[in-house]
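Student: Here you go, sequence then predicted model.
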Amino acid sequence: MLSSHIKTRTYRLLTRCSMALVAGRKKSTVVLDSASKNHPVGPPTPKQLRLIFLNTAIPMVGFGFMDQTIMLQAGNAIDCTIGVMFGLSTLTAAAFGQVCSDGAGVLFGRSLEQLASSVGIPKSGVTAAQRALPIVKKAKLAGNFIGVVFGCTLGLVNLFFIDTTRSTTLKLGGDGDGSVGLHFSVKVSNEEHEGATSLRLFGPDVDGLLVSMATALSTQDCSLIELHAKRDDNSERKGFDGIFHVVKRSTGEPFDDNELEDLAKTVLNSAHASMKRDQVSDAIHK
C-alpha cells in the first residue's frame with residue numbers, strides 16, 4: 001500500500017517537472033524569435049543602389065529598342081502590303097506591328113537578359129532581407145522605367161530609314177479594289193492657292209468624272225471656288241488633268257492639314273467609281 005502511494009507521488013512529480021521544462025523551452029523560443037524579428041536590417045550602400053539600378057536598366061534598354069524597332073518595321077511592312085490590299089488604316093497596321101513586337105519580346109526576352117549580363121557590370125551583393133527594403137524596390141522600378149523609355153526613344157532612329165509616306169501613296173494610288181495599279185493620282189495641298197485647298201487629279205478621262213467628283217466633294221462640306229481642267233488627246237486613253245480649288249462650306253476657310261488625306265481618298269474613290277461605271281457602260285454597248 002505504501003509502495004503504491006510512493007509510486008503515484010513520484011509519477012506526479014515527474015509529470016510536473018516535464019511540463020515545467022517544456023514551458024521553459026517555449027518561453028525561451030519566443031524570446032529568441034522576438035529578438036530576431038526586431039533586429040534591424042542595414043540599408044544598402046549608395047554604390048549597391050547604383051549597381052541595382054544599372055543591372056535592372058540595361059536589359060530594359062535592349063528590350064525597349066527591340067520592341068520599338070520591330071513594331072515600326074513590322075507595322076510599316078504590314079501597312080504597305082496587307083494594309084494596301086485590304087484597305088487597313090495605318091493605326092490598324094501599327095496594332096499588328098505591336099503584336100509582332102510583343103511576341104518577339106516573349107521569345108527573346110531571356111536572350112536579352114543574358115546578353116546584358118555579359119556586359120560585365122558586377123552584382124550589387126545585397127542580401128535577401130535587403131531586397132525587401134522599399135529603397136531597393138524603388139531603385140529597381142527606376143531602372144525598369146528609365147531603361148525602357150530610353151530604349152524606346154533610341155528605337156525611333158528607325159524612322160530615318162522608313163519611307164513613312166509610301167503606304168499613303170500606295171493607298172491613294174490604288175484602284176479602289178485592293179490593287180495598286182495607278183489609274184489615278186491625286187495631290188492635295190494648302191500651299192498652292194492662297195485661302196483655299198487645292199486638289200489636282202490626273203488619270204483617264206471617263207464619262208461622268210466631273211459630276212462624280214462634284215457630288216463627292218459636296219458630301220465633304222466642300223465649296224468649289226475655281227476649276228482648271230484639260231484633256232490629253234494624244235494618249236491611247238484620253239487623259240484628264242484637273243485642278244480644283246475648294247474651301248470648307250461651313251467656314252469658308254481651307255481644310256486643316258490633318259483632313260487632307262481623307263479629302264484625297266474621297267476624290268480618288270469618286271474617280272474610281274466613275275471609271276468602273278464607264279467600263280460597265282462600254283461592256284454593255286459592245
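Tutor: The structure has been received and is ready for your questions.

Student: how about the nearest residue to Ile225 once chain neighbours are set aside, phi and psi?
Tutor: Taking CB to CB, 6 or more residues apart in numbering, and ignoring the residues beside it in sequence, Ile225 has His245 as its nearest neighbour in space, at 5.3 Å. Every residue, glycine included, has its C-beta placed from N, CA and C. Main-chain torsions, His245, degrees, to the nearest 10: phi -110, psi 120.

Student: quick one, what contacts Ile225?
Tutor: Residues counted as contacts of Ile225 (CB atoms under 8 Å, 6 or more residues apart in numbering) are Ala196, His245, Val246, Val247.

Student: Quick check: buried residues in whatever helix or strand the last one lives in?
Tutor: Looking back up the chat, that one is Val247. Assessed by DSSP states H and E, Val247 sits inside strand 239-248. Of all the residues in strand 239-248, those buried under the rule 16 or more other CB atoms under 10 Å are Phe240, Gly242, Ile243, Phe244, His245, Val246, Val247, Lys248.

Student: In TSV, list those residues along with distance to Pro59 and pLDDT.
Tutor: What follows is the buried residues of strand 239-248, written out as TSV (distance: CB to CB, whole Å; pLDDT from 0 to 100):
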residue	distance to Pro59	pLDDT
Phe240	58	78
Gly242	57	83
Ile243	56	86
Phe244	55	87
His245	56	88
Val246	54	89
Val247	55	90
Lys248	51	89
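
Student: In JSON lines, list those residues along with distance to Phe96.
Tutor: Putting the buried residues of strand 239-248 into JSON lines (distance: CB to CB, whole Å) gives the following:
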{"residue": "Phe240", "distance to Phe96": "36"}
{"residue": "Gly242", "distance to Phe96": "36"}
{"residue": "Ile243", "distance to Phe96": "37"}
{"residue": "Phe244", "distance to Phe96": "35"}
{"residue": "His245", "distance to Phe96": "38"}
{"residue": "Val246", "distance to Phe96": "35"}
{"residue": "Val247", "distance to Phe96": "37"}
{"residue": "Lys248", "distance to Phe96": "34"}
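
Student: now, which of those residues sits nearest Ala95?
Tutor: The shortest approach to Ala95 among the buried residues of strand 239-248 belongs to Lys248, at 31.3 Å (CB to CB).

Student: how about stretch 259-279 as PDB, C-alpha atoms only?
Tutor: Taking C-alpha atoms only, stretch 259-279 is exported to PDB below (Å, rounded to 0.1, in the frame of the first residue of the first chain):
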ATOM      1  CA  GLU A 259      -8.100  66.500 -93.200                       C
ATOM      2  CA  LEU A 260      -6.300  66.400 -96.500                       C
ATOM      3  CA  GLU A 261      -5.700  62.700 -96.600                       C
ATOM      4  CA  ASP A 262      -9.400  62.000 -96.100                       C
ATOM      5  CA  LEU A 263     -10.200  64.500 -98.800                       C
ATOM      6  CA  ALA A 264      -7.800  62.900-101.200                       C
ATOM      7  CA  LYS A 265      -9.400  59.500-100.600                       C
ATOM      8  CA  THR A 266     -12.800  60.900-101.300                       C
ATOM      9  CA  VAL A 267     -11.700  62.300-104.600                       C
ATOM     10  CA  LEU A 268     -10.000  59.000-105.600                       C
ATOM     11  CA  ASN A 269     -12.900  56.900-104.600                       C
ATOM     12  CA  SER A 270     -15.200  59.000-106.700                       C
ATOM     13  CA  ALA A 271     -12.800  58.800-109.700                       C
ATOM     14  CA  HIS A 272     -12.600  55.100-109.400                       C
ATOM     15  CA  ALA A 273     -16.300  54.700-109.200                       C
ATOM     16  CA  SER A 274     -16.700  56.800-112.400                       C
ATOM     17  CA  MET A 275     -14.200  54.600-114.200                       C
ATOM     18  CA  LYS A 276     -16.000  51.400-113.200                       C
ATOM     19  CA  ARG A 277     -19.300  52.800-114.400                       C
ATOM     20  CA  ASP A 278     -17.600  53.800-117.700                       C
ATOM     21  CA  GLN A 279     -16.100  50.300-118.000                       C
END
